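*Asks:* pasting the sequence and the predicted model now:
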Amino acid sequence: MNIPRIVRCPQCGKSSEYSARNPFRPFCSQRCRTTDLGAWANGDYTVPAEPSELTPEELETLMGEGLDEPPPANEPKKR
Ligand SMILES: [Zn+2]
């Protein structure tokens, strides 16, 4: 029996072969694998490089996950 085990790629959901022939398992391709790793690297662990250059409001924006509004462009915020 030589039936490859098929799993679903966690990244794109496509069928991928889960075997030694697929070095990217359980992902279907290197792209999906890289994308997943990139998501990890760019996730919550990202810290602003130069916090001192940011205003407290900007820091708040960066920290906040659920952004309802797009970042303010030029219009001043009314309080
Ligand atoms: Zn994939």
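*Replies:* On my side now, so go ahead. Residues are numbered from 1 along each chain as shown.

*Asks:* quick one: mean pLDDT over the longest helix anywhere in the chain.
*Replies:* Scanning the chain for the helix with the most residues, using DSSP state H, yields helix 30-41. Taken as a whole, helix 30-41 has an average pLDDT of 80.

*Asks:* what residues sit buried inside it?
*Replies:* Buried positions in helix 30-41, judged by neighbour count with 16 or more other CB atoms under 10 Å: C32, R33, D36. (C-beta placed from N, C-alpha, C; glycine too.)

*Asks:* so what's the second one up against?
*Replies:* For R33, the set of contacting residues under the criterion of CB atoms under 8 Å, 6 or more residues apart in numbering consists of Q11, F24, F27.

*Asks:* just these that are near the ion?
*Replies:* The overlap between the contacts of R33 and the neighbours of the ion (CB under 5 Å from the ion) comes to Q11.

*Asks:* which of the contacts of R33 tops the neighbour count?
*Replies:* Neighbour counts for the contacts of R33 peak at F27, which has 24 neighbours (criterion: other CB atoms under 10 Å).

*Asks:* need the three-state assignment for it.
*Replies:* Three-state call for F27 (DSSP: H, G, I helix; E, B strand; the rest coil): coil.

*Asks:* for the nearest residue to it once chain neighbours are set aside, give its distance to P10.
*Replies:* Sequence neighbours aside, R33 is the residue nearest to F27 in space, at 4.1 Å (criterion: CB to CB, 6 or more residues apart in numbering). Distance of R33 to P10, given as CB to CB, to the nearest Å: 9 Å.

*Asks:* name the residues contacting each of the two.
*Replies:* Taking CB under 8 Å, 6+ apart as the contact rule, R33 and P10 both touch F27.

*Asks:* who in this protein is up against the ion?
*Replies:* Residues of the chain lying close to the ion (CB under 5 Å from the ion) are C9, Q11, C12, K14, C28, C32.

*Asks:* which residues touch the third one?
*Replies:* By CB under 8 Å, 6+ apart, C12 lies in contact with C28, C32.

*Asks:* before I go, just wanted to say thanks for your time.
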